[in-house]
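Chemist: Starting from these lines, generate the structure:
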Amino acid sequence: MAHEPEDPSVQKELPRRTFLRNATLFAGTVAGLGGGLELLSRRPGAAAEGTLPGAVTPAARPLGPYDVKDPITPYAQATSYNNFYEFGIDKADPARMAGSLHTRPWTVRLDGEVRKPQTVDIDTLQSWFPLEDRIYRMRCVEGWSMVMPWLGFPLAALIRRMEPTSKAKYVQFTALYDPKQFPGQRGNVLDWPYVEGLRLDEALHPLAFMAVGLQGRVLPGQNGAPLRLAVPWKYGFKSIKSVVRITLTEKQPHTTWSLAAPDEYGFYANVNPAVDHPRWSQATERRIGDLGRRKTLPFNGYADQVAHLYTGLDLRRNF
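Modeler: Residues are numbered from 1 along each chain as shown. Predicted coordinates for the structure are as follows:
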């Protein structure tokens with residue numbers, strides 16, 4: 001299925017990086033977007049073909065308490081139109097290059113302000129928790145969105161197993177750094193490895209989710225295999241992919257996009273239609289597969305569940 005070009009007012013603002021640092025990079029991104037009509041005709045990598053034990057298709061089960069009723073983004077689109085700068089800056093690069101990522105063996109370091117620091121194999125970690133299906137909206141800071149049926153486990157379950165100390169206030173996530181597997185890391189578009197973070201209370205919220213699968217299948221490399229974060233009330237760049245370390249900290253982590261462009265990408269990054277990006281409006285979005293645009297919902301439609309986390313916090317200043 002062909003993918004229609006982004007709204008011109010949004011398209012010309014991409015990629016999410018200050019243009020002055022690398023003019024050549026920007027030119028390449030614009031060229032990539034211009035060729036966007038063929039993006040969604042490309043088949044996802046073979047790693048996406050496996051199914052996880054016990055997985056069910058979203059249509060085959062009743063909606064859970066945190067699911068949404070929105071139509072699900074087709075698998076071919078969800079795995080062919082991705083931001084994953086470790087593979088490259090074009091939306092097609094992740095699906096094209098994901099074959100270079102080897103997800104076994106894979107270990108995750110759990111450390112920081114915890115009573116049980118350890119390094120655990122990904123399959124062992126996954127076996128600790130029953131897998132759950134979650135259908136979440138995903139809103140990119142660039143102004144487009146999807147509806148993703150994840151398979152995984154609540155982040156809170158993992159954090160409680162780590163046994164935080166009284167000093168733990170934040171959770172820092174670190175992605176794999178390996179330029180041999182991630183060709184995008186051979187350049188300096190970002191400071192690698194990719195790092196993201198949440199307040200501890202955000203991480204303990206039932207919506208915060210660690211995904212190992214997508215639409216009942218093993219998570220594809222282009223979508224963050226083998227382990228990624230999903231925090232649906234925040235812009236997509238907060239949902240770090242290919243996680244290799246989870247660290248509980250006393251101080252707020254220095255996160256990748258906040259360091260790259262602090263006036264554009266804040267630590268919180270809550271979806272807020274009333275706070276525009278400095279270079280484009282956030283009032284509307286385009287759902288991938290739709291021709292028109294729709295209004296952006298506060299907290300991406302999860303305000304009833306998460307707004308209380310920010311009582312008294314200036315969400316314009318703490319964007």
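Chemist: Can you give me every residue that contacts A283?
Modeler: In this structure, A283 makes contact with 273-274, 276, 295-296, judged by Cβ atoms under 8 Å, 6 or more residues apart in numbering. C-beta: built from backbone N, CA, C; applies to glycine.
Chemist: Let's see that with 7 Å instead.
Modeler: Taking Cβ atoms under 7 Å, 6 or more residues apart in numbering as the criterion, A283 is in contact with 273, 295-296.
Chemist: Can you add distance to L190 and pLDDT and give those residues back as CSV?
Modeler: Output for the contacts of A283, formatted as CSV (distance: Cβ to Cβ, whole Å; pLDDT from 0 to 100):
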residue, distance to L190, pLDDT
P273, 27, 98
K295, 31, 98
T296, 25, 98
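Chemist: Tabulate the residues you listed in TSV, adding columns for neighbour count and distance to L214.
Modeler: Putting the contacts of A283 into TSV (neighbours: other Cβ atoms under 10 Å; distance: Cβ to Cβ, whole Å) gives the following:
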residue	neighbour count	distance to L214
P273	17	27
K295	8	26
T296	20	23
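Chemist: Report the distance from the longest strand seen in the chain to the chain centre.
Modeler: Criterion DSSP state E: the longest strand present in the chain is strand 144-154. On the basis of Cα atoms, centre = their mean, to the nearest Å, strand 144-154 sits 9 Å off its chain's mean C-alpha point.
Chemist: mind listing what's buried in the helix or strand just after that strand?
Modeler: Tracing the chain C-terminally past strand 144-154 and defining elements by DSSP states H and E, one meets helix 155-162 next. Along helix 155-162, the positions that meet the burial threshold by neighbour count (16 or more other Cβ atoms under 10 Å) are 155-156, 158-159, 162.
Chemist: which stretches of this protein have low pLDDT?
Modeler: Per-residue confidence for the chain (pLDDT under 70) gives these ranges: 1-61.
Chemist: need the strands for it, in chain order.
Modeler: Under the criterion DSSP E, the chain contains strands at 107-112, 118-121, 132-139, 144-154, 170-175, 195-199, 209-214, 217-218, 228-230, 243-249, 284-287, 294-295.
Chemist: TSV for the contacts of A283, including distance to G143?
Modeler: Conversion of the contacts of A283 to TSV gives the following (distance: Cβ to Cβ, whole Å):
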residue	distance to G143
P273	11
K295	12
T296	8
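Chemist: Looking at the residues you listed, which is nearest R228?
Modeler: Nearest to R228 out of the contacts of A283 is T296 (Cβ to Cβ; 22.8 Å).
Chemist: which residues touch the closest residue in space to that closest one that isn't next to it in sequence?
Modeler: If the residues on either side of it in the chain are set aside, T296 comes closest to P273, at 3.9 Å by Cβ to Cβ, 6 or more residues apart in numbering. Under the criterion of Cβ under 7 Å, 6+ apart, the contact list for P273 reads 282-283, 295-296, 298.
Chemist: any idea which of the residues you listed is closest to P206?
Modeler: Using Cβ to Cβ, P298 is the member of the contacts of P273 that sits closest to P206, with 18.7 Å.
Chemist: just checking, the closest one touches V275?
Modeler: No: when contacts are counted by Cβ atoms under 7 Å, P298 is not listed as touching V275 (10.1 Å).
Chemist: related to what we said a few turns ago, same list (the strands of the chain) but as CSV, adding distance to D304.
Modeler: Formatted as CSV, those follow (distance: least, Cβ to Cβ, whole Å):
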stretch, distance to D304
strand 107-112, 31
strand 118-121, 34
strand 132-139, 14
strand 144-154, 18
strand 170-175, 23
strand 195-199, 19
strand 209-214, 17
strand 217-218, 30
strand 228-230, 18
strand 243-249, 28
strand 284-287, 19
strand 294-295, 17
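Chemist: Among those strands, which comes closest to G187?
Modeler: Proximity to G187, assessed across these by Cβ to Cβ, is greatest for strand 170-175 (15.8 Å).
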